[in-house]
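Peer 1: With the input below, show me the fold.
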Amino acid sequence: MHFNISQSIVLFRELRRLYYEKRLTIEDRILIENLLKLNYKLKDISNIVEMDTVIGKQKDKKCIMTLYFRNSKLMLMFLIDKYKTKAVSDIFKRLRKQLGYDLFKKMFEIVLTDNGWEFSKPNDIEFDYNTGEKLINIFYCNPYSSWEKGGIERNHEFIRYIIPKGITFDQQTKKNVIYMMNNINNVKRKSMEYKTPYELFKNIYGEECTKKLHLTHIKQDEVDLSYKLLIK
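Peer 2: Below is the predicted model of the structure:
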């Protein structure tokens with residue numbers, strides 16, 4: 001992939017910022033290398049999983065980590081400590097344990113994310129430290145290019161229907177986040193011939209997989225995308 005002059009300047013400034021903020025570690029260099037690896041053709045690959053976080057208030061200690069499957073538009077949601085790399089790697093360790101080695105590797109072959117601090121240690125996510133095998137390939141969007149993971153950005157709008165921007169996440173519970181996740185994943189999508197993400201995901205990965213991920217079916221007349229969902 002070839003970079004033009006403006007892209008090179010942006011990259012140089014980012015490298016310089018990292019140098020002055022702290023000494024570059026091995027993982028920082030891998031982060032920059034992965035940024036350079038980004039291939040714009042990735043947007044045409046359906047098995048990509050987009051990764052991001054959603055923040056309530058800036059001072060919050062908690063945030064919601066999201067994983068969006070392009071092949072079904074299904075979104076997994078997790079309540080985690082904000083800006084903590086260990087919180088992110090712990091989610092992937094838990095998923096690997098829940099799903100089993102083979103299914104996990106199949107589902108998370110390619111993960112696309114941004115340069116958020118919580119995603120700054122790709123080695124902790126990509127590798128199985130027991131075997132040394134690389135299970136996941138992390139790619140990073142270019143700076144100021146959130147459109148490169150536009151699916152997850154658009155899907156976050158459903159979260160904002162339930163919890164508007166500016167309302168704290170610190171009072172939320174893991175149970176509430178699962179409620180939100182399942183209601184969002186049971187909304188029919190016109191772009192998928194009015195099927196739900198839950199339906200498509202189950203068809204791809206099987207019902208047993210949905211159970212392992214705490215995914216459930218909700219009838220259309222019972223789907224709730226309002227804040228009332230969290231006070232039932």
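Peer 1: So which residue is smack in the middle of the protein?
Peer 2: Taking C-alpha atoms, centre = their mean as the criterion, residue 51 is the residue nearest the geometric centre of the chain, at 2.0 Å.
Peer 1: Which is the succeeding secondary structure element to the helix or strand of the chain with the lowest mean pLDDT?
Peer 2: Of all the helices and strands that make up the chain, helix 26-37 has the lowest average by mean pLDDT, DSSP states H and E, namely a mean of 50. Read in the C-terminal direction, the helix or strand following helix 26-37 is strand 48-54, with elements assigned using DSSP states H and E.
Peer 1: quick one: strands adjacent to that following strand?
Peer 2: Based on DSSP bridges, the strands next to strand 48-54 in the sheet, each with its direction, are strand 62-69 (antiparallel), strand 110-113 (parallel).
Peer 1: how close does the residue nearest to the centre of the chain get to residue 92?
Peer 2: The spacing between residue 51 and residue 92, counted by C-beta to C-beta, to the nearest Å, is 10 Å. Just so you know, the C-beta spots here come from the backbone N, C-alpha and C atoms, and that holds for glycine as well.
Peer 1: How about residue 73?
Peer 2: Here the distance between residue 73 and residue 92 works out to 21 Å (C-beta to C-beta).
Peer 1: Buried residues, stretch 144-153. List them.
Peer 2: 148, 149, 151, 152, 153 (16 or more other C-beta atoms under 10 Å).
Peer 1: The helix or strand hosting the fourth one versus strand 48-54: what angle between them?
Peer 2: Okay, so that is residue 152. In this assignment (DSSP H and E), residue 152 forms part of helix 150-162. Taking axes from the mean of the first three to the mean of the last three C-alpha atoms, to 10 degrees, one finds that helix 150-162 is oriented at 40 degrees with respect to strand 48-54.
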